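[1] Predicted model and sequence below, questions to follow.
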Amino acid sequence: MIVVMENGAAKGQIEAVIERIESLGFEAHPIHGVERTVIGAIGDERGKAALQQIEGMAGVESVMPILRPYKLAGRELREGASRIEVAGHCIGGDEITIIAGPCSVETDESLMATARAVAASGAQMLRGGAYKPRTSPYSFQGHREEGLKMLEAAKQETGLPIVTELMDPRNCELVCQYADILQIGARNMQNFQLLTEAGKSNKPVLLKRGIAATITEWLMAAEYILSAGNPNVILCERGIRTFGTETRNTLDLGAVAVVKRYSHLPVIVDPSHAAGDYHYVETFSRSAIAAGADGLMVEVHHDPANAWSDGAQSLRPDKFDRLMKQIKPIIEAVGRKATW
Ligand code: PEP
Ligand code: MN
């Protein structure tokens, strides 16, 4: 529910409403605007009827239901867009953020070669999976803690903060020791225990859209993280399963516009897992920036033909460098900034 206070409601009246919301077992989220204050009441939906009594309190103009099921992820309770600070970068502000790196952390040498290359081209963050969600149990599953250590070494050398996937709530503490951003993969978008664990951590979370998730389901997944106490969620569109087979998934750029309309959370696009084929990655990336995405996460490998996973969709460093140059005028055209 949203409690809209009257224009000029006294401080004491606002405090009384907050107290009442809390005494009814809800959390109060006041937003003090220039003209008036609105207070979001968040909690068990079953207690909604009791909140309606607040309409009779002094200084209250109206009590309205929140129309969308995502309360903390939505715009109804919040003015403006969220900006998420990560190691000196701001995701969701004016600047476009580029995260690049291999699908999996493979060897020290290959990770370092790719990390150096993406840093030289201007990427702001390094990606790489140490825990890999693979369709087959016989495929490479990642080096786990060893992989995290390799990421740490690449960070030391290049200065790039690390984005890496968390697959199991039991590993949350360990992965948090190395990650600057925790990635929740598409397959785990509705792993509610994992979302809650990431929500209890103090690391920003990159939440990928599920393979067949609606936008509402995706935002409800974000709601799990936010309601567990972590305000730093970055959404990532990575393509969804449709009837088309020519690309690995169907990149839903419309979702970027919809999410921007209904949520204050930043949204980035992963063109690589949408495409499944490096030929499309540059076009998808340019389109994503034009559609209003706050950044990109691109798979880059110094030797894609010998990559341990997702080689077909990985860009060689020279192609990634060309992409970084190509997107600059598009970034400027949509009123954003490139820092490279
Ligand atoms: C990945 O980023 O390497 C990955 C596994 O992505 P997704 O969860 O989107 O399939
Ligand atoms: Mn991958």
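    Received the coordinates, thanks. Ligands and ions are numbered 1, 2, ... in the order given.
[2] which of the residues in stretch 234-254 are buried?
    Neighbour counts over stretch 234-254 (16 or more other CB atoms under 10 Å) mark 234-240, 247-249, 251-253 as buried. The C-beta positions use only the backbone N, C-alpha and C, and glycine is treated the same way.
[3] Now do the domain split for the protein, please.
    Domain assignment for the chain by automatic domain parsing gives 2-64, 84-333.
[4] Of the ones you listed, which is nearest residue 74?
    Smallest distance to residue 74 across those (CB to CB): 5.9 Å, for domain 84-333.
[5] right, is that closest one up against ligand 1?
    Yes: residues of domain 84-333 contacting ligand 1 under CB under 6 Å from any ligand atom: 103, 129, 133, 185-187, 208, 238, 270, 273.
[6] sorry, back to before: between the domains of the chain, which one is closest to residue 70.
    domain 84-333 (4.2 Å).
[7] Endpoints of the closest one, how far apart?
    Terminal residues of domain 84-333 lie 23 Å apart, using CA to CA, to the nearest Å.
[8] pLDDT averaged over it, what's the number?
    Regarding domain 84-333, the rounded mean pLDDT is 98.
[9] from the middle of its chain, how far away would that domain be?
    Distance of domain 84-333 from its chain centroid, counting by CA atoms, centre = their mean, to the nearest Å, is 9 Å.
[10] most tightly surrounded among the domains of the chain?
    The highest mean neighbour count among those, using mean count of other CB atoms under 10 Å, belongs to domain 84-333: a mean of 20.
[11] what about it, near ligand 2?
    Yes: using CB under 5 Å from the ion, we find that domain 84-333 touches ligand 2 at 103, 310.
[12] one step back: reformat the domains of the chain as JSON lines; add distance to residue 75.
    Shown next, in JSON lines, are those (distance: least, CB to CB, whole Å):
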{"stretch": "domain 2-64", "distance to residue 75": "11"}
{"stretch": "domain 84-333", "distance to residue 75": "5"}
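[13] Which helix in this protein has the most residues?
    For the chain, the helix reaching the highest residue count under DSSP state H is reported as helix 317-333.
[14] ok, and what's touching that one?
    96, 98, 100, 114, 117-118, 120-123, 278, 281-282, 285-286, 289-290, 296, 298, 300, 302, 315, 337-338, 340 (CB atoms under 8 Å, 6 or more residues apart in numbering).
[15] thinking residue 231 is in contact with residue 83, fair?
    No: applying CB atoms under 8 Å as the test, residue 231 and residue 83 come out as separate, 10.6 Å apart.
[16] And for the residue in the stretch 51-200 of the chain that ligand 2 sits nearest to, nearest residue in space, chain neighbours not counted?
    In the stretch 51-200 of the chain, the residue that lies nearest ligand 2 is residue 103 (3.2 Å; CB to the ion). Once flanking residues are discounted, residue 103 sits nearest to residue 310: 3.7 Å by CB to CB, 6 or more residues apart in numbering.
[17] quick one: contacts for that neighbour?
    Contact analysis of residue 310 by CB under 8 Å, 6+ apart lists 103-104, 272-273, 299.
[18] now do 7 Å
    Shown in contact with residue 310 (CB atoms under 7 Å, 6 or more residues apart in numbering): 103, 272, 299.
[19] immediately after the helix or strand hosting residue 15, which helix or strand?
    Element membership of residue 15, judged by DSSP states H and E, is helix 11-23. Note on helix 11-23: by DSSP H and E, the next helix or strand toward the C-terminus is strand 27-32.
[20] and the helix or strand that comes right after that following strand, what does it pack onto?
    Using DSSP H and E, the helix or strand that follows strand 27-32 in sequence is strand 37-42. When contacts are defined as 3 or more CB pairs under 7 Å, 6 or more residues apart in numbering; DSSP states H and E, strand 37-42 packs onto strand 2-5, helix 11-23, strand 27-32.
[21] ok, then the element right after strand 37-42?
    For strand 37-42, the succeeding helix or strand toward the C-terminus, using DSSP H and E, is helix 48-51.
[22] Not counting its own residues, what contacts that next one?
    Under the contact criterion CB under 7 Å, 6+ apart, helix 48-51 has outside partners 1, 24, 26, 41, 63.
[23] Pipe the residues you listed into a markdown table and attach distance to ligand 2 and pLDDT per row.
    A markdown table is the format used below for the contacts of helix 48-51 (distance: CB to the ion, whole Å; pLDDT from 0 to 100):
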| residue | distance to ligand 2 | pLDDT |
| --- | --- | --- |
| 1 | 42 | 90 |
| 24 | 46 | 93 |
| 26 | 41 | 93 |
| 41 | 41 | 93 |
| 63 | 47 | 94 |
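[24] ok, and which of those reach ligand 1?
    With CB under 6 Å from any ligand atom as the criterion, the contacts of helix 48-51 include none near ligand 1.
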